[in-house]
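Enquirer: Make a model of this:
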Amino acid sequence: MPELPEVEVVRRGLADHVLDRKIAAVTVAHPRAVRRHVAGGDDFAARLAGRAITGVRRRGKYLWLDLDGGAEGDDAVLAHLGMSGQMLVTVEDRPDEKHLRIRFRFADGGTELRFVDQRTFGGLSVHPLVPAAGGGLLPEPIAHIARDPMDPAFDLDDAVAAIRRRRTGLKRALLDQTVVSGIGNIYADEALWRARLHWARPTEALTRKQGREVLTAATEVMAAALAAGGTSFDALYVNVNGASGYFDRSLDVYGQEDRACRRCGTPIRRDPFMNRSSFSCPRCQPRPRHPHA
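Expert: Model (predicted):
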């Protein structure tokens with residue numbers, strides 16, 4: 001799944017290409033791409049025609065397009081990229097992609113926006129903007145999402161306190177989007193390695209200093225990934241121009257099973273975790289005596 005840096009790369013590209021443009025028409029080519037828009041594809045297209053995109057925003061791993069005032073008040077197009085969703089900006093006469101699901105054409109006759117999704121796990125939907133738990137206005141389905149470490153309004157000490165209250169394993173807390181958003185499996189492992197903390201460390205045993213260190217590490221590693229264009233393991237992770245990121249070449253621990261730790265030389269260990277995997281260095285990140293699964 002794309003994580004914060006990958007989504008931010010897409011957000012920036014969209015801001016460069018679709019901000020302040022009026023939508024002329026929307027075509028839904030596959031009903032699964034709008035399954036989260038409960039009124040269906042015709043309603044989705046009708047609600048967007050003639051509307052201008054006034055903002056391209058993100059919180060954590062979630063992306064949305066603000067729309068100018070509509071009949072039902074302030075709303076936005078929420079994008080769920082899923083496993084393979086791509087938001088591509090391209091010229092109108094480019095041949096359709098095999099897995100094109102939704103097309104946006106604009107009134108200025110310039111480039112168009114295409115939602116392409118091979119596995120159809122992602123989708124787009126229109127929702128009202130409502131006050132969010134962490135402040136600001138968010139599309140209603142994600143109003144419970146906490147701020148992420150790269151948000152200017154992110155409060156580090158509040159996030160540390162929320163993690164320490166969870167009474168679970170540290171990595172589970174880092175992945176809980178209601179505690180802190182934007183950190184996924186890849187960057188959680190990388191942050192834990194940088195902070196020298198094991199993924200199963202009980203949050204109630206975490207010191208404030210350790211909490212600040214792991215969240216600071218998460219911020220640093222995601223900033224580095226963003227500078228590299230995100231992490232791409234296959235052709236499905238691309239920016240709006242179809243280019244892949246390169247941060248996977250800089251990963252210290254994620255996906256490095258049996259390779260030597262760059263810090264101490266110990267072979268990296270892989271453990272099963274929530275139907276996925278956790279990667280850690282047995283020496284740099286010793287397992288706690290009383291771990292949480």
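Enquirer: all helices of the chain, in order?
Expert: Using DSSP state H, the helices assigned to the chain run over residues 4-17, 41-48, 156-164, 170-175, 185-195, 208-227.
Enquirer: in the first one, what's buried?
Expert: Applying a neighbour-count criterion of 16 or more other CB atoms under 10 Å, one finds L4, P5, E6, V7, E8, V9, V10, R11, G13, L14, A15, H17 buried in helix 4-17. Glycine gets a C-beta too; all of them are placed from N, C-alpha and C.
Enquirer: which residues touch the first one?
Expert: Taking CB atoms under 8 Å, 6 or more residues apart in numbering as the criterion, L4 is in contact with R58, G60, K61, D148, M150, S181, G182, I183, G184, Y187, M222, L226.
Enquirer: same thing but 6 Å
Expert: Shown in contact with L4 (CB atoms under 6 Å, 6 or more residues apart in numbering): K61, D148, G182, M222.
Enquirer: Centroid-nearest residue for this protein?
Expert: K61 (2.2 Å; CA atoms, centre = their mean).
Enquirer: what about that residue, distance to S181?
Expert: 7 Å (CB to CB, to the nearest Å).
Enquirer: Also G40?
Expert: Distance from G40 to S181, by CB to CB: 29 Å.
Enquirer: So which of these two has more stuff around it?
Expert: Taking other CB atoms under 10 Å, G40 and S181 do not tie; S181 has more neighbours (27 against 13).
Enquirer: how near is the more buried one to N275?
Expert: 21 Å.
Enquirer: now do Y62
Expert: 22 Å.
Enquirer: These two: which is more packed in?
Expert: Y62 (22 against 5).
Enquirer: re earlier: between the buried residues of helix 4-17, which sits nearest D252?
Expert: Nearest to D252 among those: P5, at 15.3 Å, using CB to CB.
Enquirer: Quick check: that closest one touching A223?
Expert: No. Checked against CB atoms under 6 Å, the pair P5 and A223 is beyond contact range at 7.9 Å.
Enquirer: List the contacts of the nearest residue to D148 once chain neighbours are set aside.
Expert: Nearest residue to D148 in three dimensions, chain neighbours excluded: G182, at 3.3 Å (CB to CB, 6 or more residues apart in numbering). Counting by CB under 6 Å, 6+ apart, G182 touches L4, G60, K61, D148.
Enquirer: redo that, cut-off 10 Å
Expert: When contacts are counted by CB atoms under 10 Å, 6 or more residues apart in numbering, G182 touches 3-5, 7-8, 58-62, 145-151, 154, 174, 218-219, 222.
Enquirer: repeat for A224
Expert: Applying CB under 10 Å, 6+ apart, the residues near A224 are P5, Y187, E190, F247, S250.
Enquirer: so the third one touches W199, yeah?
Expert: Put plainly, it is E190. No. Contact criterion CB atoms under 10 Å: E190 and W199 do not qualify, at 11.4 Å.
Enquirer: Which neighbours do these two have in common?
Expert: F279.
Enquirer: any chance of the contacts of A224 in TSV, with distance to Q118 too?
Expert: Below are the contacts of A224 laid out as TSV (distance: CB to CB, whole Å):
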residue	distance to Q118
P5	21
Y187	24
E190	27
F247	22
S250	26
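Enquirer: quick one: least confident of those?
Expert: Scanning those for pLDDT, the low point is F247. It has 55.
Enquirer: correct me, but L48 touches V26?
Expert: Yes. With contact defined as CB under 10 Å, L48 counts as touching V26 (4.8 Å).
Enquirer: which neighbours do the two share?
Expert: V77, I102, F104, L124.
Enquirer: Out of the residues you listed, name the ones that lie in strands.
Expert: Of the positions in the shared contacts of L48 and V26, V77, I102, F104, L124 sit in strands, assigned by DSSP state E.
Enquirer: which residues does the last one contact?
Expert: I take that to be L124. Shown in contact with L124 (CB under 10 Å, 6+ apart): 26, 28, 33-37, 44, 48, 64-65, 77-81, 85, 87, 101-102, 104, 115, 117.
Enquirer: Can you tell me which of the residues you listed are buried?
Expert: For the contacts of L124, buried by 16+ other CB under 10 Å: 26, 28, 33-34, 36-37, 44, 48, 64-65, 77-81, 85, 87, 101-102, 104, 115, 117.
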